[in-house]
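Novice: Predicted coordinates and the sequence they were generated for:
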Number of protein chains: 2
Amino acid sequence: MDLLKKMILDKGHVIDENILKVDSFINHQVDSKLMEEIGLEFYNYFKKVNITKVFTIESSGIAPALMTSYNLNVPMIILKKQTSSILNDDIYQTQVKSFTKNTTYNLTLSKEYISKDDQILIIDDFLANGEAAKGAIELVENAGAKVVGIGIVIEKSFQPGRKFLDDLGYDVYSLARIKSLKENKIKFVD
Amino acid sequence: MDLLKKMILDKGHVIDENILKVDSFINHQVDSKLMEEIGLEFYNYFKKVNITKVFTIESSGIAPALMTSYNLNVPMIILKKQTSSILNDDIYQTQVKSFTKNTTYNLTLSKEYISKDDQILIIDDFLANGEAAKGAIELVENAGAKVVGIGIVIEKSFQPGRKFLDDLGYDVYSLARIKSLKENKIKFVD
């Protein structure tokens, strides 16, 4: 997605060779017109598939996921990050380790908002090691439902998440694929 | 806003006389068409005012705030809830106590995304005791900028937040004003 790549080059900050900061248009300040374009782009790619719900992980995934779910005309479900593990028959929960932030959280989904017939599109802002996506997939599959696509705004292709999801056979569509952040330079795949 | 009130009556759950659960269309599962209607409603009410940015508090405020900022054609800023206090010249931070959840967090804003000329519209999903709104106002005013409006999806009018904001002279627009949740019944103001 050219507009997104241009904004990453113009406004992104390389913190180190693993971390790209996009606080000025995606994570802290959010460009709502860009989010609408992102929602349309995911809609155009995934509209061929029967999707019943869009799942995302709080909180940076909410903006792109909302615009995607709006265009697909299906509900969005926000998977919650709970600090503590909850023993409760009404929820699905799985532990996720964030390598980037060096934290662990319990990704949580109320059983009320998923059924075995659901066909889920997962949308998130970043794909790095794939831990968050892996957690979301686990919750969906715990419910007997199916992940039919994964849409990522920015993929760090030099980290293992993309290959992991490809190897499992998921249809992953990333709008910007970053090959390297070395020497303070942003290089895209292709 | 009639559509919202209807959904609250149809799908809201009264947990006790202080807590209304709207997990099925606002907080956990999100109705994106409703969010678009909410964004248009806030746009129509606040378009008379010069607004440069929409502020919200992660994470349930993001969906209505994004749709509002999209319609107003201004950026959205997500105020972050940090668990720990950060001493850093690049950020504004204030402590907020959530009575509903019995937690305390540090509401955080990067100085980069506000200037003294900004005219801020604050959007949030709930107004109860007003602690979150109070924190957001404090961050805006620390920067020398101005809060020109506050848009709330659901106001619990029987709790002190609305009166507190009215007394300070803010223009508060709440889409659904709840008078009482007593005896397991949802009653609206008027």
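Specialist: Thanks, I have the structure now.

Novice: secondary structure class for the residue lying closest to A:Ser84 once chain neighbours are set aside?
Specialist: Counting by C-beta to C-beta, 6 or more residues apart in numbering or on different chains, A:Ser84 lies nearest to A:Asn106, which is 6.9 Å off, once chain neighbours are set aside. (C-beta placed from N, C-alpha, C; glycine too.) Assigned with DSSP: H, G, I helix; E, B strand; the rest coil, A:Asn106 falls in the strand class.

Novice: Wasn't A:Lys101 part of a helix?
Specialist: No: judged by three-state DSSP, A:Lys101 forms no part of a helix; its state is coil.

Novice: And the pLDDT for it?
Specialist: For A:Lys101, the model assigns a pLDDT of 79.

Novice: Share the number of residues neighbouring it, please.
Specialist: A:Lys101 has 8 neighbouring residues, counting by other C-beta atoms under 10 Å in any protein chain shown.

Novice: cool, the one 10 residues further on as well?
Specialist: Other residues near A:Lys111 number 14, with proximity taken as other C-beta under 10 Å.

Novice: Count the residues that sit near the residue lying closest to it once chain neighbours are set aside.
Specialist: Once flanking residues are discounted, A:Lys111 sits nearest to A:Asp90: 5.6 Å by C-beta to C-beta, 6+ apart. As a burial measure, A:Asp90 scores 8 neighbours (other C-beta under 10 Å).

Novice: who touches A:Asp90 in this structure?
Specialist: A:Asp90 makes contact with A:Ser110, A:Lys111, A:Glu112, according to C-beta atoms under 8 Å, 6 or more residues apart in numbering or on different chains.

Novice: Check A:Glu131 too.
Specialist: Contacts of A:Glu131 (C-beta under 8 Å, 6+ apart): A:Val96, A:Lys97, A:Ser98, A:Phe99, A:Gly161.

Novice: check contacts around the residue nearest to A:Ser84.
Specialist: Applying C-beta under 8 Å, 6+ apart to A:Asn106 gives the contacts A:Lys81, A:Gln82, A:Thr83, A:Ser84, A:Ser85, A:Ile86, A:Gln93, A:Thr94, A:Gln95, A:Val96.

Novice: one more time with 10 Å
Specialist: By C-beta atoms under 10 Å, 6 or more residues apart in numbering or on different chains, A:Asn106 lies in contact with A:80-86, A:91, A:93-96, A:135.

Novice: how about CSV for those residues, with neighbour count added?
Specialist: CSV is the format used below for the contacts of A:Asn106 (neighbours: other C-beta atoms under 10 Å in any protein chain shown):
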residue, neighbour count
A:Lys80, 19
A:Lys81, 19
A:Gln82, 13
A:Thr83, 10
A:Ser84, 6
A:Ser85, 12
A:Ile86, 10
A:Ile91, 16
A:Gln93, 19
A:Thr94, 18
A:Gln95, 12
A:Val96, 19
A:Gly135, 24
